[in-house]
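S.K.: sequence first, then the predicted structure, then my questions.
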Amino acid sequence: VHRIKLLTYEEGQDMGEIMQVYTCGIHTHEIDHEPVFTYVEPGLSINHLKVTGTHKLQGKITSPPYFSSTEMCKVSDPEAESAVNDLLQVCSPQQMATMLGWFVSAHLKAHLKMLYGQFPLLHIWGNAGSGKSKTAELISNLNGTDYGGKDTAINASSMTSWAVIDYFAGTTTVPRVLEEYNKSKIKNEKSYTFIGEMLKASWNGESVLRGVLGNKSSGGRTGAATIEIPILAPIAVIGEQGFEMPALLERSVEVMLSKNTREGRVSYFAGASIGRNKLRCVGKALMIRALTTKVSTVRQMFDEASQVVSDKIDDRPRYSLKVIYVGLQFLKKTLVEDLKFSDEFVLQIDKLIEEYTKYVQHIGDTTSEAMAHSEVDAVMDTMALMAAMASKGVNNSATQMTLQRNENYLIIEDHMYMDVTLCHAIYRRYMSQVERSIPAIASAKQFKILLAEELYFVEECTVGNHFASNRQVVKLSLSKMAEKGIDTSLFMMD
């Protein structure tokens, strides 16, 4: 027994330091100013030098990846090729390209974070029965997870604030799938807002501070301490409605699915579902390639994407579109160069990339789609609805809830003159008593300042005694408002 103890001690002295981590996926560390990438999941850690056992995952991870129990995909595997080929045709080419590019680029999130510090959300939305959840679950097999099998996606309506943080902070490159992020399903307004803030934080991996009980060594004056929990996971959000919060719209790529998009594609979905284990094998090949890919290579791929995505598009949406393009190119390189898929398959994925390229170029050519919808635009959208309600005589309260033409605003040719102070006061009342939600911009002063920064702002001026008692009002361009996607016809209804 003594000899065994001695031998164990001697071997222990030769062991390297094992790093304790709380997140699965690819981790980045620097040794001699060179990045070392290490993939971690329960029971497995391996770095790009093929050294194992350097990291150990602490605690339990919800919906972890299962690459440790997944076989490596064989070269020229016909079953794997068939499964991926079916997956490519589950939805329309543009829809599948966007979703597939996002899930694959999640493997490169550690590289992208080092280079640019950002990663977009994926928002899949549409009516019930459109296949949102099943499609996301199917594609996520490429990331090693088993949603719909061993695990399920998490429902937003049942999550506490701590559960949200724990779920979103549990991975670095493995997607988290969040179901039912719908305002109508989450009864608590604070919970809905909190989840929205955590989704925003995921864009650049912001940390959440949580208070914990301290001790003598914490050195704090309050006897407590704080810990930083970074929101690092790539997050796919599933819901029946599109995002309303402008900040989320700017930080996400959206895909709307419908029953029509699935028409005639049931056999492809079935084929991909049968081959989900093969998809996970392909996913393991993607993870290994990501682990051994240099940061400079990803930068080069990103530069190539810049040649495809128009500079006319706002910064954040343009960045997100480039991330998708990088994901598609990374998928092609892995399947063709590493797994040696057939020439027929190459034609299939080239077609997918071509359709996505056309879609991106269309966005660049369409000004209204290229411009991000701001919080000011969200206020103007609501005001347009309030104006339309007034034109139809809808005002079920003694207190004014609508905007009256020629009283609160004036239309002269291509311009609208708005009494901002009064219009915003009515808007706040409408949001509180009719919508029963928080105004996009609660302060009239802030709204006026932000409005002056919009492309459709012309000037402050006076119109005359017949409007706003000759006080200063705001002059706006209706045509430029329309370019931002605001339905200006609602302001002009009789």
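M.R.: Received the coordinates, thanks.

S.K.: in this structure residue 268 contacts residue 90, no?
M.R.: Yes: the pair residue 268 / residue 90 is scored as a contact, 5.3 Å apart, by Cβ atoms under 8 Å. In this view, the C-beta of every residue, glycine as well, is placed from N, C-alpha and C.

S.K.: who has more neighbours out of the two?
M.R.: Each of residue 268 and residue 90 has its neighbours counted (other Cβ atoms under 10 Å); residue 90 has more, 26 against 18.

S.K.: quick check, the more buried one in a helix?
M.R.: No: the assignment for residue 90, made by DSSP: H, G, I helix; E, B strand; the rest coil, is coil rather than a helix.

S.K.: could you check the pLDDT of it?
M.R.: Note for residue 90: predicted pLDDT of 92.

S.K.: try residue 440
M.R.: We have a pLDDT of 83 for residue 440.

S.K.: which residues touch it?
M.R.: Residue 440 sits next to 246, 375, 378-379, 382 when contact means Cβ atoms under 8 Å, 6 or more residues apart in numbering.

S.K.: check residue 84 too.
M.R.: Going by Cβ under 8 Å, 6+ apart, the list of residues near residue 84 reads 278-279, 282, 335, 341, 345.

S.K.: run the last query once more with 10 Å
M.R.: Residue 84 sits next to 73, 77, 100, 142, 272, 275, 278-279, 282, 331, 335, 339, 341, 345, 348-349 when contact means Cβ atoms under 10 Å, 6 or more residues apart in numbering.

S.K.: ok, now residue 199?
M.R.: With Cβ under 10 Å, 6+ apart, residue 199 has these contacts: 121, 123, 156, 164, 168, 178, 181, 231, 235, 237, 243, 245, 247-248, 251-252.

S.K.: work out for me the element residue 227 sits within.
M.R.: Element membership for residue 227 (DSSP states H and E) is strand 224-230.

S.K.: picking up where we left off before, lowest-confidence entry in the contacts of residue 440?
M.R.: Checking pLDDT across those, the minimum falls on residue 246 at 81.

S.K.: so what's that one up against?
M.R.: Counted by Cβ under 10 Å, 6+ apart, residue 246 has contacts 372-379, 440.

S.K.: helices - which of the residues you listed land there?
M.R.: 375-379 (DSSP state H).

S.K.: now the helices for the stretch 1-150 of the chain?
M.R.: 2-14, 78-87, 93-105, 109-115, 132-139 (DSSP state H, counting those that start in this stretch).

S.K.: flag every buried residue along the fourth one.
M.R.: The one in question is helix 109-115. Neighbour counts using 16 or more other Cβ atoms under 10 Å place 109-113 of helix 109-115 among the buried residues.

S.K.: so which of those residues comes closest to residue 491?
M.R.: When those are compared for distance to residue 491 (Cβ to Cβ), residue 112 wins out at 41.8 Å.

S.K.: ok, that closest one touching residue 320?
M.R.: No: using Cβ atoms under 10 Å, residue 112 is not in contact with residue 320; the gap is 11.1 Å.

S.K.: shared neighbours of these two, anything?
M.R.: Common neighbours of residue 112 and residue 320 (Cβ under 10 Å, 6+ apart) are 105, 118-120.

S.K.: most widely separated two among those residues?
M.R.: The most widely separated members of these are 105 and 118, with 11.8 Å between them, by Cβ to Cβ.

S.K.: of the two, who's got more company?
M.R.: residue 105 (30 against 18).

S.K.: chain neighbours aside, what residue packs nearest to the more buried one?
M.R.: Using Cβ to Cβ, 6 or more residues apart in numbering and skipping the chain neighbours, the partner closest in space to residue 105 is residue 327 (3.1 Å).

S.K.: residue 182 too?
M.R.: Nearest to residue 182 is residue 239, by Cβ to Cβ, 6+ apart, at 4.8 Å.

S.K.: show me what that neighbour bridges to in the sheet.
M.R.: Note on residue 239: beta-bridge partners residue 125, judged by DSSP bridges.

S.K.: quick one, what contacts the residue nearest in space to the middle of the chain?
M.R.: Residue closest to the mean C-alpha point of the chain, counted by Cα atoms, centre = their mean, is residue 121 at 0.7 Å. The neighbours of residue 121, taking Cβ under 10 Å, 6+ apart as the test, are 102, 178, 199-200, 202-203, 234-237, 243, 248-249, 251-254, 320.

S.K.: same check, this time on residue 178
M.R.: Applying Cβ under 10 Å, 6+ apart to residue 178 gives the contacts 121, 123, 136, 153-156, 159, 164, 167-168, 195, 198-199, 233, 235-239.

S.K.: just give the number of residues close to residue 351.
M.R.: The burial count for residue 351: 13, using other Cβ under 10 Å.

S.K.: hmm, it is touching residue 88, no?
M.R.: Yes: with contact defined as Cβ under 10 Å, residue 351 reaches residue 88; the gap is 8.6 Å.

S.K.: give me the number of residues near residue 461?
M.R.: Counted with other Cβ under 10 Å, residue 461 comes out at 11.

S.K.: now it: how far from residue 415?
M.R.: Counting by Cβ to Cβ, to the nearest Å, the gap from residue 461 to residue 415 is 10 Å.

S.K.: for residue 18, which non-adjacent residue is spatially closest?
M.R.: Nearest one to residue 18, counting by Cβ to Cβ, 6+ apart, is residue 56 at 5.3 Å.

S.K.: is it true that that neighbour touches residue 38?
M.R.: No: taking contacts as Cβ under 10 Å, residue 56 lies outside contact range of residue 38: 11.1 Å.

S.K.: so what sits against both of these two?
M.R.: Contacts common to residue 56 and residue 38, judged by Cβ under 10 Å, 6+ apart, are 19, 21, 45.

S.K.: now, which of those sits nearest residue 314?
M.R.: Of the shared contacts of residue 56 and residue 38, the one sitting nearest to residue 314 (Cβ to Cβ) turns out to be residue 21, at 35.4 Å.

S.K.: so what's that closest one bridging to?
M.R.: Going by DSSP bridges, residue 21 forms beta bridges with residue 57.

S.K.: with the one 4 residues further on instead?
M.R.: Residues in a beta bridge with residue 25, per DSSP bridges, are residue 40.

S.K.: ok, it - contacts?
M.R.: Residues near residue 25 by Cβ under 10 Å, 6+ apart: 38-41, 61, 64-65, 106-107, 109-110, 143-144, 170-175, 232-234, 287, 290.

S.K.: ok, now with 8 Å
M.R.: 39-41, 65, 109-110, 171-174, 232-233.

S.K.: nearest to residue 410 among the residues you listed?
M.R.: Among the contacts of residue 25, residue 233 lies closest to residue 410 (Cβ to Cβ), at 49.2 Å.

S.K.: pretty sure that closest one sits in a helix.
M.R.: No: under three-state DSSP, residue 233 sits outside any helix and is assigned coil.
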